[in-house]
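Visitor: Task: produce atomic coordinates for the following.
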Amino acid sequence: MKQFLVKVIASGVLGFAVLGISMAQGVTKTVKTDAIKIEGAYTRATAPGQQVAGGFMKIDNKGNTTDQLLSASSPAAGEVQLHEMTMDGNVMKMRQVKDIAVPAGGSVELKPGGYHLMFLNLKGPFAAGQTVPVKLKFAKAGELEVKLPVNEVGAQHSH
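Guide: Numbering: from 1, shown residues only. Have a look, this model is predicted:
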């Protein structure tokens with residue numbers, strides 16, 4: 001009986017340690033590979049029943065060649081598309097793009113009113129304080145997993 005209790009307590013402690021590590025990783029604000037670095041990633045809280053949300057971040061390319069963000073996916077949405085918003089006269093238009101170029105030695109910002117990720121068919125509301133896992137696929141850097149903190153509606157960047 002004593003050994004059983006020791007195993008149960010040890011399992012619980014280990015479980016909390018793993019949970020703590022997972023939660024700490026969830027709020028990482030910078031993710032990088034040798035060439036690509038993601039900073040300031042975030043999304044915003046959604047209203048109940050809302051089926052779409054935007055994802056924002058800065059992508060730095062420290063490499064010597066241009067890379068392209070080809071796609072994104074998330075278990076929190078049925079689909080994640082790459083989008084761009086532009087002004088056509090006095091009308092703001094949003095359209096899907098096939099990729100987003102990240103210049104060699106430069107960066108691109110995914111932000112409101114410009115390039116962004118568009119989460120479609122949300123599997124549930126995005127609640128402030130949570131994180132949304134996203135897998136980004138680059139032409140050269142490959143796949144990179146990022147956890148976007150969910151900010152209050154109206155927040156402009158990651159806290």
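Visitor: Please name the residues that touch residue 34.
Guide: Contacts for residue 34 (CB atoms under 8 Å, 6 or more residues apart in numbering) come out as 62, 63, 141. C-beta here means a position set from N, CA and C on the backbone, and glycine is covered the same way.
Visitor: Which neighbouring elements make contact with the helix or strand hosting residue 43?
Guide: In this structure, residue 43 sits in strand 36-44 according to DSSP states H and E. Here strand 36-44 touches strand 30-32, strand 52-61, strand 131-138, strand 142-151, going by 3 or more CB pairs under 8 Å, 6 or more residues apart in numbering; DSSP states H and E.
Visitor: strand partners of that strand, parallel vs antiparallel please.
Guide: Taking DSSP bridges as the criterion, strand 36-44 sits next to strand 30-32 (antiparallel), strand 52-61 (antiparallel), strand 142-151 (parallel) in its sheet.
Visitor: Dump the lengthiest strand in the chain to PDB, keeping only the CA atoms.
Guide: Taking DSSP state E as the criterion, the chain has its longest strand at strand 77-88. Provided in PDB are the C-alpha atoms of strand 77-88 (Å, rounded to 0.1, in the frame of the first residue of the first chain):
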ATOM      1  CA  ALA A  77     -10.200  25.900 -36.600                       C
ATOM      2  CA  GLY A  78     -11.600  24.000 -39.600                       C
ATOM      3  CA  GLU A  79      -9.300  25.900 -41.900                       C
ATOM      4  CA  VAL A  80      -6.600  28.600 -41.600                       C
ATOM      5  CA  GLN A  81      -5.900  30.800 -44.700                       C
ATOM      6  CA  LEU A  82      -3.300  33.400 -45.500                       C
ATOM      7  CA  HIS A  83      -5.100  36.700 -46.200                       C
ATOM      8  CA  GLU A  84      -4.300  40.300 -47.200                       C
ATOM      9  CA  MET A  85      -6.300  43.400 -46.700                       C
ATOM     10  CA  THR A  86      -5.800  46.300 -49.100                       C
ATOM     11  CA  MET A  87      -7.500  49.600 -49.800                       C
ATOM     12  CA  ASP A  88      -9.300  50.000 -53.200                       C
END
